[in-house]
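In: attaching a predicted model along with its sequence, questions to come.
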Amino acid sequence: METILKVRNVSKSFGGVEANKEVSLEIKSGDIVGLIGPNGSGKSTLFNMICGIQPIDKGEVIFEGKEISKYNVSEIARFGLLRTFQETKIYSKMTCLENMQISYKTPQDTLMSFFSKISQNVIKKSEELLDFVGLYEKRKLKAGDLSFGQQKLLELAMSLINGPKMLILDEPTAGINPTLINGIIDRLKKANEEFNITLFIIEHNMQVIMGLAKKIYCMNHGKILAQGTPEEIKNNKNVINAYLGAV
Ligand code: ADP
Ligand code: MG
C-alpha cells in the first residue's frame with residue numbers, strides 16, 4: 001500500500017502549553033486508522049494542523065507526496081483531504097438535496113459554478129449519495145427536520161460529493177444516540193470499502209475504534225505514546241497506564 005499522509009516532527013504550542021511535540025506518523029492509502037488518548041493529549045490539535053485550521057509551529061504534513069502545511073482548509077479540501085462533520089455545515093431551511101448541491105465545489109466560484117451545481121449530473125450524484133447514507137426518501141425534506149443522527153448522515157453524504165481521498169473525523173460518534181452509532185460506523189466502513197476513502201478517526205468509544213481501525217495511534221502529553229494493531233494497543237502497558245485503565 002502507498003503512503004497517503006505523512007506527518008513529520010510536527011510541533012505546536014499555545015503559550016506555555018506544548019500541545020504537540022515532534023509528532024510523526026504515516027497512513028497508508030485505503031486504510032482506517034484510529035487516534036486515541038486522554039483528554040488534552042493533543043489529538044484535536046494534530047487534526048487541526050493536518051487539515052489547515054491551525055498553523056504548524058515546526059515540522060511538515062505531506063499529503064500524496066505534496067507538502068500541504070502552507071495551504072488553508074479549503075485548498076487542502078480540494079486536494080482531497082477533508083475534515084468532516086466540522087467543515088460540513090448543514091443549512092436547516094434547505095432540503096437535503098439542496099444541501100448536497102451547495103456542497104458541490106467547482107474549481108472557481110463563478111456564475112458558471114452556480115449552473116454546474118444545478119446540473120443533472122450533480123443532482124444525480126447527490127441522489128446517489130443520499131441513497132448511500134439511507135436518506136434518499138428524505139431528499140426533499142428540510143435538513144432541519146431530520147433527527148440529529150440523520151443530520152450526521154447528511155453531513156457525511158455532503159462531504160463525499162467532491163470525491164475526497166481521505167476523511168479525518170474528530171469523534172464522529174460524540175453526542176449520537178447509541179442506536180444510531182452503528183449506522184454512522186457502517187457508512188464509514190462502506191465509504192472506505194466502496195470509494196476507497198482513507199479514514200483517520202479520533203474516537204473515545206473503544207469498542208467502535210477497535211472494530212473499525214486496522215491501526216491505532218495513542219497520544220499522551222502531546223506525543224505519540226504507542227502505535228500498533230487494535231490487539232497490540234489493547235495489550236500495550238503504556239497505553240493501559242495512560243489511557244485504557246481510565247476508560
Ligand atoms: P485532545 O483533543 O486530545 O483532547 P487538544 O488538542 O484539544 O487535546 O488539546 C491539547 C492541549 O492544547 C490542551 O492542553 C489544550 O488545553 C491546549 N489547547 C488546544 N487548543 C488550544 C487553543 N486554541 N488555545 C490554547 N490552548 C489550546
Ligand atoms: Mg479533542
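Out: It's in. Residues are numbered from 1 along each chain as shown. Ligands and ions are numbered 1, 2, ... in the order given.

In: state the phi and psi torsions of the residue nearest in space to the middle of the chain.
Out: Nearest to the geometric centre of the chain sits Ile168, at 2.2 Å (Cα atoms, centre = their mean). When quoted as degrees, to the nearest 10, the phi and psi of Ile168 stand at phi -110, psi 130.

In: my understanding was that it contacts Ile197; is that so?
Out: No - look at Ile168 against Ile197 with Cβ atoms under 8 Å: they stay out of range, at 10.8 Å. Using the backbone N, CA and C atoms, a C-beta is placed for each residue, glycine as well.

In: what residues sit buried inside the helix or strand hosting Ala77?
Out: Secondary structure from DSSP states H and E places Ala77 in helix 73-79. For helix 73-79, a neighbour-count test (16 or more other Cβ atoms under 10 Å) marks Val73, Ile76, Ala77, Phe79 as buried.

In: and those, which is closest to ligand 1?
Out: Val73 (15.4 Å; Cβ to the nearest ligand atom).

In: was I right about that closest one contacting Ile53?
Out: Yes - the pair Val73 / Ile53 is scored as a contact, 5.8 Å apart, by Cβ under 8 Å.

In: which residues do the two both contact?
Out: Taking Cβ atoms under 8 Å, 6 or more residues apart in numbering as the contact rule, Val73 and Ile53 both touch Arg83.

In: any stretches of the protein with poor pLDDT?
Out: Along the chain, the model assigns pLDDT under 70 to residues 86-88, 106-118, 246-247.

In: would you map out the domains in it?
Out: Domain ranges of the chain: 1-80+167-247, 89-162, per automatic domain parsing.

In: which elements pack onto the helix or strand harbouring Ile123?
Out: Following DSSP H and E, one finds Ile123 within helix 120-132. Counting contacts by 3 or more Cβ pairs under 8 Å, 6 or more residues apart in numbering; DSSP states H and E, helix 120-132 packs against helix 96-103, helix 148-160, helix 178-195.

In: could you redo the last one with a cut-off of 7 Å?
Out: Identification of packing neighbours for helix 120-132 by 3 or more Cβ pairs under 7 Å, 6 or more residues apart in numbering; DSSP states H and E yields helix 96-103, helix 148-160.

In: any chance of JSON lines for the buried residues of helix 73-79, columns distance to ligand 1?
Out: JSON lines is the format used below for the buried residues of helix 73-79 (distance: Cβ to the nearest ligand atom, whole Å):
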{"residue": "Val73", "distance to ligand 1": "15"}
{"residue": "Ile76", "distance to ligand 1": "18"}
{"residue": "Ala77", "distance to ligand 1": "21"}
{"residue": "Phe79", "distance to ligand 1": "23"}
